[in-house]
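Trainee: just a sequence and a predicted model for now, questions to come.
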Amino acid sequence: MIKQTIVFLLFALIAPNTNAQVISGTLSQLPKQEIKLEGFAGLKTYNIAATRTDAQGRFSIPYGAADYGVGYLMGPDNKPLFVMLSGEDVVLKGESLARNETLAIQSGAENRWFEQYALQHPRREQALSAWQYLESLYQSDSLFSVHKGPSKAILDEKRRIRQEDSLFLTSLPANSYVRWFLPVRKLVSSVSVLAQSRPAEIPEAIAAFRALNYADPRLYKSGLFKDAIDNHFWLIENSGKGLDQVFEDMKKSIDAMMVSLLRDETKLNEVTDHLFDLLERHSLFRASEYLALKVLNEKSCTIEQNLARQLETYRVMKKGNTAPDLTFPPTTIWPEHVKASPPKALSDLKSNYTLVAFGSSNCPKCREDIPQISVLYPKWKAQGVEVVFISLDTDTQEFSKFATSFPFLSTCDFKGWKSPLVESYYVFGTPTLFLLDKKREILLRPLSVKQVDAWVDWVLIQGNK
């Protein structure tokens, strides 16, 4: 009995996974080449499996239930072929993955539907944009507006194209992955066309983005997760509305997204981290502040420590707040113009404005930006702007080597990220800049040295003329 049990367990360990599906085929121009199958998991990709083709270019590569969604095959040319990993075996044939026009899906219904729609839908979109252009001519140009027959024909053709597209999607099995995926892919890929050619459809598209469940595993595994977030907010930003209304629309979208995300802390952290960075990079600070406070004030979820610190900057270090005072340690490097009576703290500086710059010698971006500040410093100093560089270095020699030549005050307590100087300003990355007035009120949280220089030019130099 014991021997039989051991044999059974060994067989279970080495037996193939009968639940796995297979993507197989022939790529005639890729003999004896590695083929990889990659999957999507939110903002990241992961390796599912890899194999090598035989001398005729034949291959077989498995995927499992955990990979349900969208994946892509990658050959030696690094050009992906997207496939539905929807629980079906797939057979394809062609010359290579890079030459899509030679590939044909020989087996796998969902992949055939995906292939068919991928070919037809762009042509419908091109036709719709063309008819939209003609429609605008017949409505606005007096040469054409008197002719009602063509206007009606254009309207009828636009309706027919949309119905044809809709009928294809509704004809797909209701429980198929491709039935869910294709409308979302259509939405995500439509934003630039709508913004440029069909602005009347923008409100409907934004409503569709808000209706998405951003915690849906199907979206998470679709390869559309990042694009759904990015394109959603890009469309709002480029909707043609005034900036105040853009921010109001972004707030509504953030609220809509949170409804589903608050039920999934992992995805909430991932989306918040990505969206906060996106809004910051686009200088949409009112929206990023709203997102930060929205998440921080939510009691039903747990925010990862690093993300919480990043968001906390908007509660404690937002524009209009008073920045903490800083006591300069003995290791501070004093420039010539303050050596005679060095200040003990940030509050002792007599300048009208102070740029507090956090960085370090081992930060590549800091090695570009901080020396750039040195070049601009004489101009800024003449306009009443002082600079204080706070280093996160932990090595005294590295700090000295990096900062000694700077014409402004440079300080470091060599405690790195655990420095009270860093913690009191809620710094989560370098370089980080804060522009303060003489009372240490935060005037600006610049994203770059160029932004500071532009502020000096327009507010101080131009404003004083």
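Mentor: On my side now, so go ahead.

Trainee: how far away is L409 from P122?
Mentor: 58 Å (CB to CB, to the nearest Å). In short, each C-beta sits where N, CA and C put it, glycine included.

Trainee: quick one: which of those two has more around it?
Mentor: Comparing L409 with P122 by other CB atoms under 10 Å, the one with more neighbours is L409, at 23 against 12.

Trainee: pretty sure the more buried one sits against S391.
Mentor: No - the pair L409 and S391 does not pass the contact test of CB atoms under 8 Å, sitting 11.2 Å apart.

Trainee: low-confidence ranges, the stretch 351-465 of the chain, go.
Mentor: Counting by pLDDT under 70, the stretch 351-465 of the chain has low-confidence residues at 465.

Trainee: swap in 90 and give it another go.
Mentor: Applying pLDDT under 90 to the stretch 351-465 of the chain flags residues 421-423, 426-430, 445-447, 461-465.

Trainee: okay, buried residues for the longest helix belonging to the chain please.
Mentor: Ranked by residue count, the top helix of the chain under DSSP state H comes out as helix 109-140. By neighbour count with 16 or more other CB atoms under 10 Å, helix 109-140 contains the buried residues 109-115, 117, 121, 124-125, 128, 131-132, 134-135, 138.

Trainee: contact partners for T396?
Mentor: With contacts defined as CB atoms under 8 Å, 6 or more residues apart in numbering, T396 is in contact with 331, 414.

Trainee: any chance you could map the strands in this protein?
Mentor: Per DSSP state E, the chain has strands spanning 21-27, 34-41, 44-52, 58-63, 69-74, 81-85, 90-94, 104-107, 353-359, 385-391, 409-411, 432-437, 442-444. These are given in chain order.

Trainee: strands paired with the fifth one, and their directions?
Mentor: Paired with strand 69-74 in the same sheet, following DSSP bridges, are strand 34-41 (antiparallel), strand 81-85 (antiparallel).

Trainee: centre of the chain to the longest one, how far?
Mentor: Spelled out, that is strand 34-41. 21 Å (CA atoms, centre = their mean, to the nearest Å).

Trainee: what's that strand in contact with?
Mentor: Here strand 34-41 has contacts from 23, 27, 45-53, 59, 61, 63, 67, 69-76, 80, 83, 85, 97, 220-223, 225, using CB under 8 Å, 6+ apart.

Trainee: alpha carbons of it, as PDB, please.
Mentor: Extracted in PDB, the C-alpha atoms of strand 34-41 (Å, rounded to 0.1, in the frame of the first residue of the first chain):
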ATOM      1  CA  GLU A  34      13.100  30.800 -29.100                       C
ATOM      2  CA  ILE A  35       9.400  31.700 -28.700                       C
ATOM      3  CA  LYS A  36       8.200  33.300 -25.500                       C
ATOM      4  CA  LEU A  37       4.600  33.700 -24.200                       C
ATOM      5  CA  GLU A  38       4.200  36.700 -21.900                       C
ATOM      6  CA  GLY A  39       1.100  37.700 -19.800                       C
ATOM      7  CA  PHE A  40      -0.100  40.900 -18.300                       C
ATOM      8  CA  ALA A  41      -0.700  41.600 -14.600                       C
END
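
Trainee: tell me the domain ranges of the chain?
Mentor: For the chain, the structural domains run 2-107, 200-316, 336-461, going by automatic domain parsing.

Trainee: please enumerate the helices of the stretch 301-450 of the chain.
Mentor: 305-316, 364-382, 396-403, 420-424, 449-455 (DSSP state H, counting those that start in this stretch).

Trainee: with distance to D249 added, can I get the ones you listed in a markdown table?
Mentor: As requested, the helices of the stretch 301-450 of the chain are exported to a markdown table (distance: least, CB to CB, whole Å):
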| stretch | distance to D249 |
| --- | --- |
| helix 305-316 | 20 |
| helix 364-382 | 32 |
| helix 396-403 | 44 |
| helix 420-424 | 35 |
| helix 449-455 | 25 |
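
Trainee: quick one: closest of these to E280.
Mentor: Each of these has some distance to E280 by CB to CB; the shortest is helix 305-316, at 9.4 Å.

Trainee: what's the burial count for Q310?
Mentor: Using other CB under 10 Å: Q310 sits among 21 other residues.

Trainee: grab the nearest non-local neighbour of it.
Mentor: Nearest non-adjacent residue to Q310, counting by CB to CB, 6 or more residues apart in numbering: F428, 4.3 Å away.

Trainee: try D230
Mentor: Nearest to D230 is L278, by CB to CB, 6+ apart, at 6.4 Å.

Trainee: what does D216 give?
Mentor: D216 sits nearest to S260 (CB to CB, 6+ apart), 7.3 Å away.

Trainee: so that neighbour touches L219, yeah?
Mentor: No - using CB under 8 Å, S260 is not in contact with L219; the gap is 9.7 Å.

Trainee: identify the contacts common to these two.
Mentor: N213.

Trainee: neighbour count for the two, which is higher?
Mentor: Higher neighbour count among S260 and L219: L219, with 22 against 17, using other CB under 10 Å.

Trainee: residues in contact with the nearest residue to the more buried one once chain neighbours are set aside?
Mentor: Among residues not flanking L219 along the chain, F225 sits closest, at 5.7 Å (CB to CB, 6+ apart). Residues counted as contacts of F225 (CB under 8 Å, 6+ apart) are 40, 42-43, 214, 219.

Trainee: with those residues in mind, which one is nearest to W380?
Mentor: For these, the nearest to W380 is L43 (37.9 Å; CB to CB).

Trainee: for the closest one, grab the count of nearby residues.
Mentor: Neighbours of L43 (other CB under 10 Å): 13.

Trainee: go on, the one 5 residues further on?
Mentor: Each residue near I48 was counted by other CB under 10 Å, and the total is 20.

Trainee: distance to V191 added to the domains of the chain, as TSV?
Mentor: Below are the domains of the chain laid out as TSV (distance: least, CB to CB, whole Å):
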stretch	distance to V191
domain 2-107	19
domain 200-316	4
domain 336-461	24
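
Trainee: so which of these gets nearest K152?
Mentor: domain 200-316 (17.9 Å).

Trainee: got any ranges where the stretch 1-150 of the chain has weak pLDDT?
Mentor: 1-20, 77-79, 98-102, 116-150.

Trainee: could you redo the last one with a cut-off of 80?
Mentor: Scanning the stretch 1-150 of the chain for pLDDT under 80 picks out the ranges 1-19, 122, 141-142, 144-146.

Trainee: doesn't E304 make contact with L268?
Mentor: No - here L268 lies out of contact with E304, judged by CB under 8 Å, at a distance of 9.7 Å.

Trainee: these two: who's more crowded?
Mentor: Neighbour count, other CB under 10 Å: between L268 and E304, L268 has more, with 24 against 15.

Trainee: send me stretch 311-330 as CSV with only the CA atoms.
Mentor: Extracted in CSV, the C-alpha atoms of stretch 311-330 (Å, rounded to 0.1, in the frame of the first residue of the first chain):
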residue,chain,number,x,y,z
LEU,A,311,0.5,61.2,-0.8
GLU,A,312,1.1,62.8,2.6
THR,A,313,3.1,65.5,0.9
TYR,A,314,-0.2,66.9,-0.3
ARG,A,315,-1.7,67.1,3.1
VAL,A,316,1.3,68.5,5.0
MET,A,317,3.5,70.0,2.2
LYS,A,318,0.8,71.4,-0.1
LYS,A,319,1.0,74.9,-1.6
GLY,A,320,0.1,77.6,1.0
ASN,A,321,1.2,75.6,4.0
THR,A,322,4.2,76.6,6.1
ALA,A,323,7.3,74.4,5.5
PRO,A,324,9.0,73.1,8.6
ASP,A,325,12.0,74.9,9.9
LEU,A,326,15.4,73.2,9.4
THR,A,327,18.4,73.3,11.7
PHE,A,328,21.6,73.1,9.8
PRO,A,329,24.1,70.4,11.2
PRO,A,330,27.8,71.2,11.7
